[in-house]
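In: Just need the structure, nothing else, for what follows:
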Amino acid sequence: MGSEGAAGTSTFVIKWINFLTTLNNTHNWNNLKACLVKSQDCAKLSKKYKTLKKYKAAKLTPIEAGCCRPPSECDYPAVNASYYDLSYHPASSNKDCKLYKNKKTIRCYNCDSCKAGVAQYMKTEWRVVAIFNVVLFVVLSIVYFVGCCARRNAASSCSKA
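Out: Below you'll find the model as predicted:
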């Protein structure tokens with residue numbers, strides 16, 4: 001049983017690595033990035049959080065945290081929810097610090113933190129969709145079973161008559 005668990009884990013890891021490789025593919029990422037820019041999630045942050053205090057206290061989604069702001073280790077001071085003072089030299093050597101721009105179409109969309117945020121979001125959403133599919137399957141199976149029983153009962157009552 002222990003080896004089955006390890007094999008299942010390694011299969012999951014391989015699938016996750018394949019998914020991340022697909023996500024990192026430049027063509028795929030550019031298509032996804034275009035959707036992220038069009039969704040204007042980052043632009044909505046300044047409307048959602050009117051003050052800097054509310055923004056700093058907010059629990060951001062993985063996409064908002066990864067794509068709409070520089071990584072916290074960069075230590076750029078936030079001016080508001082959608083603008084950072086980039087005149088400071090980043091406190092970290094993380095390449096995402098240099099990739100972040102305040103421009104609406106750039107932000108941190110090319111950052112690894114954004115890709116990680118998208119991956120986390122997809123993982124969560126896929127789990128919800130999987131649960132929904134299982135529930136739907138169970139409901140449809142019950143409806144099918146009840147229909148079969150009703151048909152069988154109707155057929156047997158017709159043959160008795």
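In: Can you read off the pLDDT for the residue nearest the centre of the chain?
Out: The C-alpha lying nearest the average C-alpha coordinate of the chain belongs to Tyr121 (Cα atoms, centre = their mean; 1.3 Å). Looking at Tyr121, its pLDDT reads 91.
In: Using CSV, write out every CA atom in the one helix or strand Tyr55 maps to.
Out: Counting by DSSP states H and E, the element that carries Tyr55 is helix 52-57. This file holds the C-alpha atoms of helix 52-57, laid out as CSV (Å, rounded to 0.1, in the frame of the first residue of the first chain):
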residue,chain,number,x,y,z
LEU,A,52,-4.2,52.1,1.1
LYS,A,53,-5.0,50.9,4.6
LYS,A,54,-7.9,48.8,3.3
TYR,A,55,-5.8,47.5,0.5
LYS,A,56,-2.9,46.4,2.8
ALA,A,57,-5.4,44.6,5.1
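In: what's next to it, contact-wise?
Out: Leu45, Tyr49, Ala78, Val79, Asn80, Ala81 (Cβ atoms under 8 Å, 6 or more residues apart in numbering). C-beta here means a position set from N, CA and C on the backbone, and glycine is covered the same way.
In: How many neighbouring residues does Pro71 have?
Out: When neighbours are defined as other Cβ atoms under 10 Å, Pro71 has 22 of them.
In: Oops, could you answer that again for Asp75 instead?
Out: Residues lying near Asp75 (other Cβ under 10 Å) number 13.
In: which stretches of the protein form helices?
Out: Taking DSSP state H as the test, the helices found in the chain are 2-24, 26-39, 41-48, 52-57, 62-67, 95-99, 112-160.
In: Check which helices and strands the longest one is in contact with.
Out: Helices and strands in packing contact with helix 112-160 are listed as helix 2-24, helix 26-39, helix 62-67, helix 95-99; criterion 3 or more Cβ pairs under 8 Å, 6 or more residues apart in numbering; DSSP states H and E.
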